[in-house]
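# okay, here's the prediction I keep looking at, along with the sequence it came from:
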Amino acid sequence: MSKPMYRLVDGKGRVLIPKSMREAAKLEYGDIVCLGMAGGKITVRKVEVIEVGDQSPEAVEAYVRTAFQFMPDSLRLDLIGELSRLLQKKEG
């Protein structure tokens, strides 16, 4: 295991994962991580697909963001248009 690194938790509960650790774990912007507890320690692991059955708002958002990355541009534009129409209905 590498040398421990210490970080402060900010006011919103966020912790910056150092670049060297992100690179070693192959974590990039937009990747999904699963947070868990094991033996009183917080665990972080990169995941490619959200576990089946987890329909929490956070899991659904992560799934949609990941799916969006792999869509062709034409499908992305269609989805953006549909979401815009839904928001306009909600507001109007």
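That came through, no problem.
# distance of the closest residue to M5 other than its chain neighbours relative to K41?
Among residues not flanking M5 along the chain, P18 sits closest, at 5.5 Å (C-beta to C-beta, 6 or more residues apart in numbering). (Glycine included, C-beta is placed from N, CA and C.) According to C-beta to C-beta, to the nearest Å, P18 and K41 sit 18 Å apart.
# of those two, give the one with the bigger neighbour count.
For the pair P18 and K41, the greater number of neighbours falls to P18 (11 against 7), based on other C-beta atoms under 10 Å.
# how near is the more buried one to A24?
Applying C-beta to C-beta, the value for P18 to A24 is 10 Å.
# what distance do you get for E82 to K89?
According to C-beta to C-beta, E82 and K89 sit 11 Å apart.
# could I get the contacting residues of D73?
Applying C-beta atoms under 8 Å, 6 or more residues apart in numbering, we find D73 in contact with no residue.
# look up phi and psi at it.
phi -60, psi -40 (degrees, to the nearest 10).
# what's the pLDDT at it?
Per-residue pLDDT puts D73 at 93.
# how about E48?
pLDDT, read off for E48, is 73.
# how many neighbouring residues does it have?
Using other C-beta under 10 Å: E48 sits among 7 other residues.
# tell me how far the residue nearest to M5 lies from I42.
For P18 relative to I42 (C-beta to C-beta), the value is 16 Å.
# ok, now L77?
Distance of L77 to I42, computed by C-beta to C-beta: 39 Å.
# same question, G53
Distance of G53 to I42, computed by C-beta to C-beta: 22 Å.
# again with A24
According to C-beta to C-beta, A24 and I42 sit 18 Å apart.
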